[in-house]
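Q: coords below, sequence missing:
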Ligand code: C2E
Ligand code: MG
Ligand code: MG
C-alpha cells in the first residue's frame, strides 16, 4: 500500500476508536477487532504494536476527548483509552499468533507434501532401476573396489550356471582364465585404483562345473557424490554360442572337407606367419603331387579316388607330427608339408623321404592293392627372406614338376636358376599366341646336300621366334611349349605355308636344277590333327608346288607304337607323293623292324652318329652301326640323310658309308632364304 492508501485504510479504524471512546455504555471489546484488523493489514512489524499504542495513548484523548461528549471527564477518557489499548493489544496479539500459526502450518504442510512427492519419485526411479537390473537380458553385477560381489542379476547368475552363491563365492580378481588377454587385469587394476573410468574386453570365465563362459565384458567405475571411487559395475554379454559358431565357421573355412586337413587358406596363413618371423628360423616345404592320380580317378571312379586321398592324407599327417610341422591339402591330389625351426636344412629332406616312404606301402581299395607314388618339390631357406608365400609356393610347384618330369616318385630341391627357367617358360607359353598373330616367327633354311656331288638338293625349314625381350629364340625353347598348349597346330601350318611358298619361289628362280625339295618338321600333335592331310593338300595346291618337292619330317619317337589310325594320314600323304622322313633316327628305340610298317622314304640319322665320328680314328663300332643302318635302309628302299656334318672328313666318311644326303654346318648353318638361293646359283655354276 502507498502511504495514502494506508492512511485511507487506517482512517476507519481511527474513527472506530473515536466512537468506542464515546460509546455509551462503554465497551472496549471492539478495540480488539481493530488490533485484529491491523494484523490483517500486515502491520506485523515488531514495532507496529508499540507505536500504535503510543499514538493512541498520546493523541486519542487529546484530539477526540472533548469533542464527542463534553460530559466525559478527562480521567474517564484516559481510563477508557487505557482499556481500549488493552483490548486492541489483545486482539492484535491474538491475531498475530493465529496468523503465525497458520503460516507455519502452511509451510509445514507444503514441506510435508514436497517430501512425500520426492519420496514417491525416488521410489519410482528405484523401482525402474530394479526392474532393469532384474529383468535385463544382459548380465549385471556390482562389486566393491576390493572385488567383493555385492549384487548380481538373474541373467548373470544364469550365465554362471544358475546358482547365485557360485557367483558370490568368488572375488572378482580370482576369476583368472588362461586365455585372458594381457590387458584384462591391467585395466582392472587401473579401474579399482580410480585411474580408469571403464574398460571393455572379451573375457572367458570358468563356471563352477569347469565349463567355459565367454563374455563381452564392460566394467565401469561408480563414484560417490564427492567423486571418490566407490563401486565397480560389470555388464556382461554371453558370447559362448556365437564364439563356438565362429570357431566352427572358421574351422570349416580353413579345413578341407574331405580329408579334414588344413586347407590352402590356413596353410597360406601359417606360411605367411613363418615368413614374417624376424629371428633366425628357417622353413622347409614339401609340395607333393601324386603321380598318376588322374588315371586312378578315371578308372576306379571318384568315390574310390576320394578314399585314396583320405588314406594319403592320414599317412601324410603321420609324417609331420613334430611341433612346427604341418600338413595341408591344397586341392585335388596336391598336398604340402611345412616344417619350421632352426635346422630345417636336414629336416626337410628327412620329411620328404618320410613322405615317399609312407606312400610306398600299397593302399587297399575295394579289394585291390594300389601303389601310389608322388613327386615332391622341396623349398628350404631362411624364413626372413624377401620371398612371399605365393613365391615360395610357386617355386615348390615348379620344382615338383621337375621331379615329375624326371620320372616321379622322387623329390627335387628348388634352385633359383631352374625356377627362373620355368618362369620364363611360363612367360613364353602365355606369349605364344600373340606372337603368332604379331608375326614374330620367321624361318631359317639349312641346305641339304648330295654327298655324291655336293649339289644342293633341298633345304630344311627351321622356325625361330624373334621375341621382343629375349631376342631370337631357337625352336628348342618354344616348340615343346607350343606342343603342350596346342599352338603348334596353327604355328606348324604357318611354317608349312611359308616354306612351301618359299620353295615355289626358288623353283621359279632356279628352274634348271633338279626338283628342289623343302623339308618341314611335323610335331606329334600335328600328326594327330584330323585336318593334317586336307590342309597339306590345300597348301600344295594353292602354291602350285608338286607333292614330290615336299618332305615332312617326323621323329621316330612320335611314331613309337603308332597304330594304323595314326599312320593313315601319313600313308595318304605318301601315296600322293609327299616324302616322309624319319627324323633324329637313332635317338629313340631305333626299331629297325618297325621301319617296314612305316610309310617313310627317308631316314635322317641323328647328329649323335656324326659326333661319334669326330674322334680320330673314328670308333669302328659306330662306323659298323652306321654302315649297317645304311644298308638296311637302302634294302628297304629308303634314302639316308645325315645330320650335323661339321667337317669335310665326316662328310667323306659318310659318303663312303653310303649315305645319300647330308646337312650340317660344314655346308651351311641355317640362314635366310636368299642364302639358299645364292648356294643354288653357286651350285649351278
Ligand atoms: P631337327 O629337325 O633335327 O633339326 C636339325 C637341328 O640340327 C637344327 O636345330 C639345326 O640347326 C641343327 N644343326 C644342323 N646342322 C648342324 C651341325 O652341323 N651341328 C650342330 N651342332 N647342329 C646342327 P634347330 O634349328 O635348333 O632345331 C631344333 C629342332 O627343332 C629341330 O630338330 C626340329 O625337331 C625342331 N623344329 C625346328 N623347326 C620346327 C618346325 O617348324 N616345326 C616343328 N614341329 N619342329 C621344328
Ligand atoms: Mg628336322
Ligand atoms: Mg633331326
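A: Received the coordinates, thanks. Nothing here was measured: the structure is a model prediction, and the numbers come from that model. Numbering: from 1, shown residues only. Ligands and ions are numbered 1, 2, ... in the order given.
Q: before we move on, which element is residue 216 in?
A: Secondary structure from DSSP states H and E places residue 216 in strand 212-223.
Q: residues making contact with that strand?
A: Residues outside strand 212-223 that contact it (Cβ atoms under 8 Å, 6 or more residues apart in numbering): 139, 142, 159-160, 177, 187-188, 191-192, 194, 196-207, 229-240, 243. For every residue, glycine as well, the C-beta is placed using N, CA and C.
Q: Among these, name the ones in helices.
A: Mapping these onto helices (DSSP state H) picks out 159, 187-188, 191-192, 240, 243.
Q: Between the residues you listed, which sits nearest ligand 3?
A: residue 243 (69.0 Å; Cβ to the ion).
Q: Could you find the closest non-adjacent residue to the closest one?
A: Spatial nearest neighbour of residue 243, excluding adjacent residues (Cβ to Cβ, 6 or more residues apart in numbering): residue 214 at 4.7 Å.
Q: burial of the one you found, as a residue count?
A: 20 (other Cβ atoms under 10 Å).
Q: Mind listing the residues bridging to it?
A: With DSSP bridges applied, residue 214 shows beta-bridge pairing to residue 204.
Q: what about it, distance to residue 656?
A: 93 Å (Cβ to Cβ, to the nearest Å).
Q: ok, and for whichever helix or strand residue 38 is part of, which residues are buried?
A: Using DSSP H and E, residue 38 falls within helix 31-40. Within helix 31-40, the residues scored as buried using 16 or more other Cβ atoms under 10 Å are 31-39.
Q: So which of those is the closest to residue 466?
A: residue 39 (128.2 Å; Cβ to Cβ).
Q: pLDDT at the closest one, what is it?
A: Residue-level confidence at residue 39 comes out at 91, pLDDT.
Q: And the strands in the stretch 201-350 of the chain?
A: Counting by DSSP state E, counting those that start in this stretch, the stretch 201-350 of the chain has strands at residues 212-223, 229-238, 282-291, 325-331, 334-341.
Q: which residues touch residue 606?
A: 584-587, 643-644.
Q: Can you tell me which of those residues are buried?
A: Judged by 16+ other Cβ under 10 Å, buried ones among the contacts of residue 606: 584-586, 643-644.
Q: Can you add pLDDT and give those back as TSV?
A: Shown next, in TSV, are the buried ones among the contacts of residue 606 (pLDDT from 0 to 100):
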residue	pLDDT
584	89
585	88
586	82
643	94
644	94
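Q: Those residues also near ligand 3: which ones?
A: Of the residues in the buried ones among the contacts of residue 606, proximity to ligand 3 by Cβ under 5 Å from the ion holds for 584, 643.
Q: Now that we have the contacts of residue 606, can you turn them into a markdown table and tack on distance to residue 155 and secondary structure?
A: Putting those into a markdown table (distance: Cβ to Cβ, whole Å; DSSP: H, G, I helix; E, B strand; the rest coil) gives the following:
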| residue | distance to residue 155 | secondary structure |
| --- | --- | --- |
| 584 | 85 | strand |
| 585 | 89 | strand |
| 586 | 89 | coil |
| 587 | 84 | coil |
| 643 | 91 | coil |
| 644 | 91 | coil |
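Q: Flag every buried residue along stretch 63-74.
A: Buried residues in stretch 63-74 (16+ other Cβ under 10 Å): 64-65, 72.
Q: Contact partners for the closest residue to residue 222 other than its chain neighbours?
A: In this structure, residue 222 finds its nearest non-sequential neighbour in residue 231, 4.2 Å apart by Cβ to Cβ, 6+ apart. Shown in contact with residue 231 (Cβ under 8 Å, 6+ apart): 142-145, 150, 221-222.
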